[in-house]
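Undergrad: when you get a sec, could you give me coordinates for this:
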Amino acid sequence: MEIPLLGDIIVILGLAVFVILIFQKLRMPTILGLLITGLIAGPSGLNLVKASHEVEMLSEIGVILLLFIIGLEFSLKELMAIKKYVLIGGATQVFSTILVVNLIGYALGFSTSEALFLGFLFSLSSTAIVLKLLQDRREVNSPHGRMILAILIFQDIIVVPMMLVTPLMAGKSDNILFSVIFLVLKGLLIVAIVYVSARYIVPKLLFQITKTRSKELFLLSTIVICLAVAGLTSSMGLSLSLGAFLAGLIISESEYSHQATSTIIPFREVFSSFFFVSIGMLLNLHFLADHIGWVLFFTVLTFVTNSFMGGIAAFVLGFPTRTTILVGFSLFQVGEFAFILSKVGLENGLMDSLSYQYFLSVSVLTMAFTPFVISQANPFATWVLRHLPKGWARPEKQTSMADEYNDHIVIIGYGLTGQHIARVARQVGIPYNILELNSETVRRERAKGEPIFYGDAVHAIILNHLGIQRARVAVVAISDPKATKQTIANIRSLSSTVHIIARTSFVSEMTENLRMGADEVIPEELETSIEIFTRVLDKYLVPRDEIITFIERIRSGNYSMMRSFATEQFLPFISSLDLSGMTTAALKTSPENKQIIGRTVEELNLRTRYGITILAIKRKDALIEEVNRDTVVQAGDLFYVFGRKENLLLFERALKNNEEQQKIPRKTDNSDGN
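TA: Residues are numbered from 1 along each chain as shown. Prediction:
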């Protein structure tokens, strides 16, 4: 069966691999490589892609998954914490940009409605590109990252009223008030659904799913939740991406958010690639070449206007000067929702074909420049702060890192080994956190206050959440050999300083784990042998310090002497076995043995008759440590005796045999009998 889209997918991905490889060699951003791929494969390039509409659909999925992951990294609590940024910051950026662009458009000869519509378009930044870059730079949770996210959320919400207002501005709608009221009611309904789902429904559902230990079921459930909520918001007139963000928020309230993120990321990377390619396909190279001067002028004007308005939004909320610059530089481009809105304006006559081509050219160029601008934003902010007059710059706020782990232990696997390590770390005051794949264990231990998280350590994003780069030690205590190797490799790829200690079941797994980056590998097989042999030497009365030295030498050499069976030169020397036959035993008197009960130790004369010594006697709950000749034996007494094994066996038989005990005389010599 022929799949028409398959050829286009192969062309896009194959060309993207080639272009991105070149860009990586040149140390240029991946996003720019994808835009160039679209430019080459698009209609104004080599025209390699025929199913452009289908590619746009795939790109929409990429945007959905991107916003879904952003929502997973947040929570309802964190969203409420930035509500002021969303409402005040977002409104300031959008409406101030609309005002300035409207004035510029009016000065360029556009009508009032057309100029206002241009303000709508240029007030919308690229959620997909900016958040992707912030994620790659790990700056989503930074002060400027949170401010940028807040503004982008406001833009995603305000684009819906813009679409409703556009026909009214064109004089083609007379029912706008009812539409807005109905939209507000639907929005409130969605907020209620999100809250109830996040608090009561989804966590319980995911708990039942994770109990099955099926990764496939977990993945399918995560995707269904994402697409279902996105589809719900779309059916109510809101954007798909906003619904995806809300779906991420719903799951973020559970302990499974990090595992969900790690499972979705590979799909997001593929589909978001189609988004950036589809943007590149929109650029008309012939138009750009014919109007390059004006396109560059409008691109610079867009950069200056949008950067300034984004910075104003951060400034109004009291952010320091550095954060203000970073926010402005991140929001200067024209976003993907502006493309959707532009089509509405084109259909309603608020844009002509010439204006539309200028808009597309400027939009794509600003998107292409975004990776470079964001990478240079921090150095530029430093340069500005250095040259500003003293007292002009707002001081930077000190962000607290108290809630983050530092110099801690990361325990991967919460079996017996993990539990012992956590207990010892807790007792001695070493900070630690735990990663476990058993959802029931996670829920139970979280209720006890343990810093435990649900997730699979083979995914690097989860290790990042555990603060692996700041950890001193990582203990890999999982039973799956393949997962152990993958986890070690992931940890080492993220941090070259963390000390990795791995537990394995068999000696044969040691070499591979050490090759993957582990600093120490503890094989249970050999540790069991060492423990048994230690007890054997102890029973032969080998000095304890010699046994400890022997064990340390084995472990310091990564068990090589035991693996090669070349242990002879390392074994402790047993100088004399004269005491090797000596041992201790606990022997109990029988209540029926009248020949023992009631007699004194002196009368029993055990040393002379059996060659044994009484060390102590346990009587009920009391321990008699000082046993003398006058100590009287009582029913149920437990003797702790020392002597040769054969003598202890004879005395044990005597305790059980009344006839044998009758041979014990009542009177003895003057020895203490002990």
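Undergrad: I'd assumed residue 512 was in contact with residue 485.
TA: Yes. Counting by C-beta atoms under 8 Å, residue 512 is a contact partner of residue 485 at 6.1 Å. For glycine as for every other residue, the C-beta is placed from the backbone atoms N, C-alpha and C.
Undergrad: out of these two, which sits in the more crowded spot?
TA: Neighbour count, other C-beta atoms under 10 Å: between residue 485 and residue 512, residue 485 has more, with 21 against 15.
Undergrad: which residues touch the more buried one?
TA: Counting by C-beta atoms under 8 Å, 6 or more residues apart in numbering, residue 485 makes contact with 512, 513, 516.
Undergrad: ok, the first one to residue 43 distance?
TA: Computed as C-beta to C-beta, to the nearest Å, the residue 512 to residue 43 distance reads 51 Å.
Undergrad: tell me which stretches of the stretch 501-650 of the chain form helices.
TA: Ranges of helices within the stretch 501-650 of the chain are 510-516, 524-539, 544-556, 560-563, 601-604, 606-610, 645-656, based on DSSP state H, counting those that start in this stretch.
Undergrad: only alpha carbons, please: show the first one as CSV.
TA: Spelled out, that is helix 510-516. Extracted in CSV, the C-alpha atoms of helix 510-516 (Å, rounded to 0.1, in the frame of the first residue of the first chain):
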residue,chain,number,x,y,z
MET,A,510,31.8,-5.5,36.4
THR,A,511,34.0,-4.7,33.5
GLU,A,512,31.2,-3.3,31.3
ASN,A,513,29.9,-1.1,34.1
LEU,A,514,33.3,0.3,34.8
ARG,A,515,33.7,1.0,31.1
MET,A,516,30.4,2.9,31.0
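Undergrad: in the strand or helix carrying residue 423, what's buried?
TA: In the assignment (DSSP states H and E), residue 423 maps to helix 416-428. Neighbour-count burial for helix 416-428 flags 417, 418, 419, 421, 422, 425 (criterion: 16 or more other C-beta atoms under 10 Å).
Undergrad: likewise stretch 447-455?
TA: 450, 451, 452, 453, 454, 455.
Undergrad: the helix ranked longest in the chain: how far from the chain's middle?
TA: Taking DSSP state H as the criterion, the chain has its longest helix at helix 353-387. Centroid separation for helix 353-387 versus its chain: 32 Å, with C-alpha atoms, centre = their mean, to the nearest Å.
Undergrad: so which elements touch that helix?
TA: Judged by 3 or more C-beta pairs under 8 Å, 6 or more residues apart in numbering; DSSP states H and E, helix 353-387 is in contact with helix 30-41, helix 112-122, helix 127-136, helix 257-282, helix 285-290, helix 292-316, helix 321-330, helix 336-347.
Undergrad: change it to 6 Å
TA: Counting contacts by 3 or more C-beta pairs under 6 Å, 6 or more residues apart in numbering; DSSP states H and E, helix 353-387 is packed against helix 30-41, helix 127-136, helix 292-316, helix 321-330.
Undergrad: now it against helix 321-330, angle please.
TA: Taking axes from the mean of the first three to the mean of the last three C-alpha atoms, to 10 degrees, one finds helix 353-387 and helix 321-330 inclined to each other by 160 degrees.
Undergrad: what mean pLDDT does the helix or strand just after helix 353-387 have?
TA: Next helix or strand after helix 353-387 toward the C-terminus (DSSP H and E): strand 409-412. For strand 409-412, mean pLDDT is 92.
Undergrad: just the CA trace of strand 409-412, in CSV.
TA: The C-alpha trace of strand 409-412 is given here as CSV (Å, rounded to 0.1, in the frame of the first residue of the first chain):
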residue,chain,number,x,y,z
ILE,A,409,23.5,11.5,47.2
VAL,A,410,21.3,10.4,44.4
ILE,A,411,19.9,6.9,45.1
ILE,A,412,18.6,5.1,42.1
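Undergrad: tell me the strands beside it, with direction?
TA: Strand 409-412 has the following strand partners under DSSP bridges: strand 432-436 (parallel), strand 473-476 (parallel).
Undergrad: ok, residue 446 - how many residues close by?
TA: Residues near residue 446, counting by other C-beta under 10 Å, number 15.
Undergrad: can you pull the contacts of the most centrally placed residue in the chain?
TA: Among the residues of the chain, the one closest to the centroid is residue 462, at 2.0 Å (C-alpha atoms, centre = their mean). Residue 462 is in contact with 258, 262, 455, counting by C-beta atoms under 6 Å, 6 or more residues apart in numbering.
Undergrad: hey, which of the helices of the stretch 501-650 of the chain is tucked in deepest?
TA: Per residue and on average, the most neighbours among the helices of the stretch 501-650 of the chain fall to helix 601-604, with a mean of 20 (mean count of other C-beta atoms under 10 Å).
Undergrad: CA atoms of that one as CSV?
TA: C-alpha atoms of helix 601-604 as CSV (Å, rounded to 0.1, in the frame of the first residue of the first chain):
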residue,chain,number,x,y,z
VAL,A,601,29.0,-24.8,90.2
GLU,A,602,31.6,-26.2,92.6
GLU,A,603,29.7,-29.4,92.8
LEU,A,604,29.4,-29.8,89.0
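Undergrad: where in the stretch 151-300 of the chain is pLDDT low?
TA: Within the stretch 151-300 of the chain, the stretches with pLDDT under 70 are 172-177, 179-180, 183, 239.
Undergrad: tell me where it has helices.
TA: 176-196, 202-210, 215-235, 240-252, 257-282, 285-290, 292-316.
Undergrad: what's the most buried one of those helices?
TA: Stretch with highest mean neighbour count among the helices of the stretch 151-300 of the chain: helix 240-252 (a mean of 27; mean count of other C-beta under 10 Å).
Undergrad: what packs against that one?
TA: helix 52-73, helix 215-235.
Undergrad: export those helices to CSV and tack on distance to residue 341?
TA: Shown next, in CSV, are the helices and strands packed on helix 240-252 (distance: least, C-beta to C-beta, whole Å):
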stretch, distance to residue 341
helix 52-73, 15
helix 215-235, 16
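Undergrad: of the ones you listed, which is nearest residue 164?
TA: Among these, helix 215-235 comes nearest to residue 164, with 15.0 Å by C-beta to C-beta.
Undergrad: just checking, residue 499 touches residue 519?
TA: Yes. The pair residue 499 / residue 519 is scored as a contact, 5.1 Å apart, by C-beta atoms under 6 Å.
Undergrad: flag the shaky bits of the stretch 1-150 of the chain, pLDDT-wise.
TA: Residue ranges of the stretch 1-150 of the chain with pLDDT under 70: 1-4, 73-76, 78.
Undergrad: the same query, at a cut-off of 90, please.
TA: By pLDDT under 90, the low-scoring segments of the stretch 1-150 of the chain are 1-13, 20, 23-35, 38-84, 106, 108-112, 126-146, 149.
Undergrad: picking that back up, show only the entries of the buried residues of stretch 447-455 found in strands.
TA: Cross-referencing the buried residues of stretch 447-455 against strands under DSSP state E gives 452, 453, 454.
Undergrad: redo these as TSV? Include distance to residue 243.
TA: Shown next, in TSV, are these (distance: C-beta to C-beta, whole Å):
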residue	distance to residue 243
452	31
453	27
454	25
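Undergrad: and of those residues, the nearest to residue 214?
TA: residue 454 (14.3 Å).
Undergrad: what sits against the closest one?
TA: Neighbouring residues of residue 454 by C-beta under 6 Å, 6+ apart: 255, 256, 259, 439, 442.
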